[in-house]
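Undergrad: structure here, sequence nowhere to be found:
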């Protein structure tokens, strides 16, 4: 085999490996994309309960109930609500009226119930997650001067 | 509104930096030196002026008012200077000016003044940004009585030192950039060029590594989740320049040895600095939702983005024009040290690309489609971690191979005895731990191989006529540190245990071979916060070892709450307790973690950094 032909085979092999590698990486990537939904977006277009998603909003006043190690509360963007259940340790800065993001899955039986695996709050009293702020802006309930 | 002396100082600095750059381009090098020194003095005065305002709690400055409080302990008043956007920008600028001045004083490079010119240009852009969008010297209309306090999560020694260390790393890559630009303009990318640049980059790399480690150490102790790396976009942003910087250091050593890899090295110089700035921008602009973004003004973000665009587009254009004229003189056989460094570079940049993809993609998607997405940690774990295996192997092979040309037979002879031992260890670990832990098992085996050869080569070199040179020792330390970190992470991955329990007074919980008893809980007042402290007695068998005191705190000036974990450190593992922040008194929700190996991660990083610093200081070109 001429050296040039041999080189061509090496290049083709390298390209094949790269293609395989890249497609593996991209598929792992796609599987791990976690999309964010506001309660309104959930009401309109609920994703499959198998997909892990994030939901964000304000914790509705008076909706926090704690039973043993289970916490339940309602997240709202002032237009729609979603009921959230969470087991486990509650992060600091977790208060009614606070903007938070919850990560988990929708209940298979009921699209208005959300099982949260993780609660994301910020360590700043005035913090509003950008996604939550934007979704509040979309529903027209954003007050200027609410610190981002 | 009147102008603070600080703002006037910024204007003066702008003028000096103009002088620095223009005089260098007109080849009036005496003026470049003078301007550099004056710029450094001015920058230092500005930085001290801000620190002074914090120390005396001068709330007339908006920045001090928003971020400080007279009840804060002194250390955190000082570190509060850079615990906010404007202050940290000023710190960044001051470090840039400092490293430029150090370079002016210590370097013997012929291109020194030209490099100073480019550095002046970079500092000019940053100062412009500070003056127009982020001045820490803006004044209130009247002096308030008290400040608004500092984020309590930032009141921590590790986090106080994290920005300075990290920024020293970031600004160091500016020298790589300047050298690259000057080298391209003069067409002089050669061995001497590499020799003069390497020490500065080695020192920067060490500081960057320490800075990343401090951030990770802080997250481990402060966030209360028992982990130390969350593949958070902010963490990833600091990792990117470290990954490309590691590739750059190794590529530069080829350029230094025999003048090879020139085009690639120059490209990496530009890329590493761009990644530093991008990482800086990502954190400062509030584009990311994560544990620590705190700037929120889009105007600033756009300005910063414009600066990055100018710098990267400008330098890449220069590269496109000038690089083809560089002769790429690397000639080496497929089995040689150059070859292993080549593959190491490929792997490092692949890792860099992966982290970049996972970090940038959500931002791009949001800009283009207005969809919010986050990339989960499993992506990084599935793609990044396996690639560390060939890197560990190359770290061993690279040390054993000769430059230019070596043979497989010679390599096999050096590695054969312990390669077999390593395979046995790997097999034993796999059998013992089970198939799901194949990655930590292989990583441990490869890291042990690396560690073994580091020690063996060091001893061998010590017994030769030349003895153990600092260059050799630094290579062995850096690679040995890498091995330590890898083994530590593998131990953690395999052995960490997490337990949650609802506990009332006198309840016990068990983890590993420890028994934990909830003894006491009470509330006390400290200098600027209220704390609810619990006492947990740790017993092992019959012996009582220690009492741990995790806390929940409320900071008085702001109402912010934090959880302080309590950690019991031993040589091999940590025992870690955090309690949830609830208002109930009767029962606590407690998280306990058994974390093997974590302390060795920090130690390993320090060993790596010491190797790089040794090479930086001892390997200087006289």
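TA: Nice, I can see it. What you see is a predicted model; the values in this text were computed from it and never measured.

Undergrad: how about the worst-scoring helix or strand of chain B on mean pLDDT against chain A, any contact?
TA: Using mean pLDDT, DSSP states H and E, the weakest-scoring helix or strand in chain B turns out to be strand B:561-564, at a mean of 79. Yes. Counting by CB under 8 Å from any CB of the partner chain, chain A has neighbours in strand B:561-564: B:561-563. Glycine gets a C-beta too; all of them are placed from N, C-alpha and C.

Undergrad: for that strand, packing partners?
TA: In terms of contacts (3 or more CB pairs under 8 Å, 6 or more residues apart in numbering or on different chains; DSSP states H and E), strand B:561-564 is packed against strand B:551-555, strand B:573-579.

Undergrad: which element follows that strand toward the C-terminus?
TA: Once the chain leaves strand B:561-564, the next helix or strand it forms, by DSSP states H and E, is strand B:566-569.

Undergrad: in its sheet, which strands sit next to that following strand, and in what direction?
TA: strand B:573-579 (antiparallel) (DSSP bridges).

Undergrad: any part of whatever helix or strand residue A:40 lives in near chain B?
TA: Per DSSP H and E: residue A:40 is located in helix A:39-44. No. Judged by CB under 8 Å from any CB, helix A:39-44 stays clear of chain B, getting no closer than 9.7 Å.

Undergrad: what pairs with the helix or strand that that helix is followed by, parallel or antiparallel?
TA: Moving toward the C-terminus from helix A:39-44, the next helix or strand (DSSP H and E) is strand A:53-59. Neighbouring strands of strand A:53-59 in its sheet, by DSSP bridges, are strand A:33-37 (parallel), strand A:70-76 (antiparallel), strand A:99-106 (antiparallel).

Undergrad: redo these as JSON lines? Include distance to residue B:545.
TA: Shown next, in JSON lines, are the strands paired with strand A:53-59 (distance: least, CB to CB, whole Å):
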{"stretch": "strand A:33-37", "distance to residue B:545": "41"}
{"stretch": "strand A:70-76", "distance to residue B:545": "33"}
{"stretch": "strand A:99-106", "distance to residue B:545": "36"}
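
Undergrad: return the most buried member of those strands.
TA: Mean neighbours per residue, mean count of other CB atoms under 10 Å in any protein chain shown, is largest over the strands paired with strand A:53-59 for strand A:99-106, with a mean of 22.

Undergrad: any idea which helix or strand comes after it?
TA: Per DSSP H and E, strand A:99-106 leads on to strand A:113-120 as the next helix or strand towards the C-terminus.

Undergrad: show me which residues of that next one are buried.
TA: Residues of strand A:113-120 classed as buried by neighbour count (16 or more other CB atoms under 10 Å in any protein chain shown): A:114, A:116, A:119-120.

Undergrad: how about stretch B:208-217?
TA: Buried residues in stretch B:208-217 (16+ other CB under 10 Å): B:208-217.

Undergrad: find the centremost residue of the chain, please.
TA: Unless you meant another one, I'm taking chain A. residue A:54 (1.9 Å; CA atoms, centre = their mean).

Undergrad: nope, chain B please
TA: Most central in chain B (CA atoms, centre = their mean) works out to residue B:212, at 2.9 Å.

Undergrad: secondary structure class for that residue?
TA: Assigned with DSSP: H, G, I helix; E, B strand; the rest coil, residue B:212 falls in the helix class.

Undergrad: that one and chain A, how far apart?
TA: 20 Å (CB to the nearest CB, to the nearest Å).

Undergrad: if I look at that residue, how far off is residue A:24?
TA: The gap separating residue B:212 from residue A:24 is 28 Å, by CB to CB, to the nearest Å.

Undergrad: find the nearest non-adjacent residue to the residue nearest to the centre of chain B, please.
TA: Of all residues not flanking residue B:212 in the chain, residue B:238 sits nearest, at 5.1 Å (CB to CB, 6 or more residues apart in numbering or on different chains).

Undergrad: can you tell me the element that neighbour falls in?
TA: Using DSSP H and E, residue B:238 falls within helix B:233-258.

Undergrad: and the pLDDT at the nearest residue to residue A:103 once chain neighbours are set aside?
TA: Spatially, and ignoring its direct neighbours in sequence, residue A:103 is nearest to residue A:118 (4.4 Å; CB to CB, 6+ apart). Listed pLDDT for residue A:118 reads 83.

Undergrad: if we can go back for a sec, mean pLDDT lowest where, among the helices and strands packed on strand B:561-564?
TA: strand B:551-555 (a mean of 84).

Undergrad: is it positioned near chain A?
TA: Yes. If you take CB under 8 Å from any CB as the test, strand B:551-555 does meet chain A, through residue B:552.

Undergrad: ends of stretch A:24-40, what's the gap?
TA: Start to finish, the residues bounding stretch A:24-40 are 34 Å apart (CA to CA, to the nearest Å).

Undergrad: assess the claim that residue B:138 and residue B:63 are in contact.
TA: Yes. In this structure residue B:138 lies within contact range of residue B:63 using CB atoms under 8 Å: 7.1 Å.

Undergrad: those two: which is more packed in?
TA: Neighbours around residue B:138 and residue B:63, counted as other CB atoms under 10 Å in any protein chain shown, are more numerous at residue B:63. The numbers are 27 against 15.

Undergrad: helix or strand: which one has the more buried one?
TA: Per DSSP H and E, residue B:63 falls inside helix B:62-67.

Undergrad: now check the helix or strand harbouring residue B:534, is it near chain A?
TA: Assigned by DSSP H and E, residue B:534 belongs to strand B:529-540. No. If you take CB under 8 Å from any CB as the test, strand B:529-540 misses chain A, and the best it gets is 11.7 Å.

Undergrad: run the chain-centre distance for that strand.
TA: Using CA atoms, centre = their mean, to the nearest Å, the mean C-alpha position of strand B:529-540 is found 32 Å from that of the whole chain.

Undergrad: model confidence over the helix or strand following it, on average?
TA: Next helix or strand after strand B:529-540 toward the C-terminus (DSSP H and E): strand B:543-548. Average pLDDT, strand B:543-548: 88.

Undergrad: what lines up beside strand B:543-548 in the sheet?
TA: If you go by DSSP bridges, strand B:543-548 pairs up with strand B:529-540 (antiparallel).

Undergrad: what residues of the partner strand count as buried?
TA: Residues of strand B:529-540 classed as buried under the neighbour-count rule (16+ other CB under 10 Å) are B:529, B:531-534, B:536-539.

Undergrad: stretch B:49-65 now?
TA: With the criterion 16+ other CB under 10 Å, stretch B:49-65 contains buried residues B:49-51, B:53-54, B:57-59, B:61-65.

Undergrad: how far does that stretch sit from its chain's centre?
TA: Relative to the centre of its chain, stretch B:49-65 is centred 28 Å away, using CA atoms, centre = their mean.

Undergrad: ends of that stretch, how far apart?
TA: First residue to last in stretch B:49-65 (CA to CA) measures 15 Å.

Undergrad: show residues contacting that stretch.
TA: B:4-6, B:9, B:68-70, B:74, B:77-78, B:80-81, B:84, B:86-87, B:90, B:136-140, B:142-148 (CB atoms under 8 Å, 6 or more residues apart in numbering or on different chains).

Undergrad: just the buried subset of those residues, written out for ChimeraX, thanks.
TA: Here is the ChimeraX command that picks out the buried ones among the contacts of stretch B:49-65, judged by 16+ other CB under 10 Å:
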select /B:4,6,9,68,69,77,78,80,81,84,86,87,90,136,137,139,147
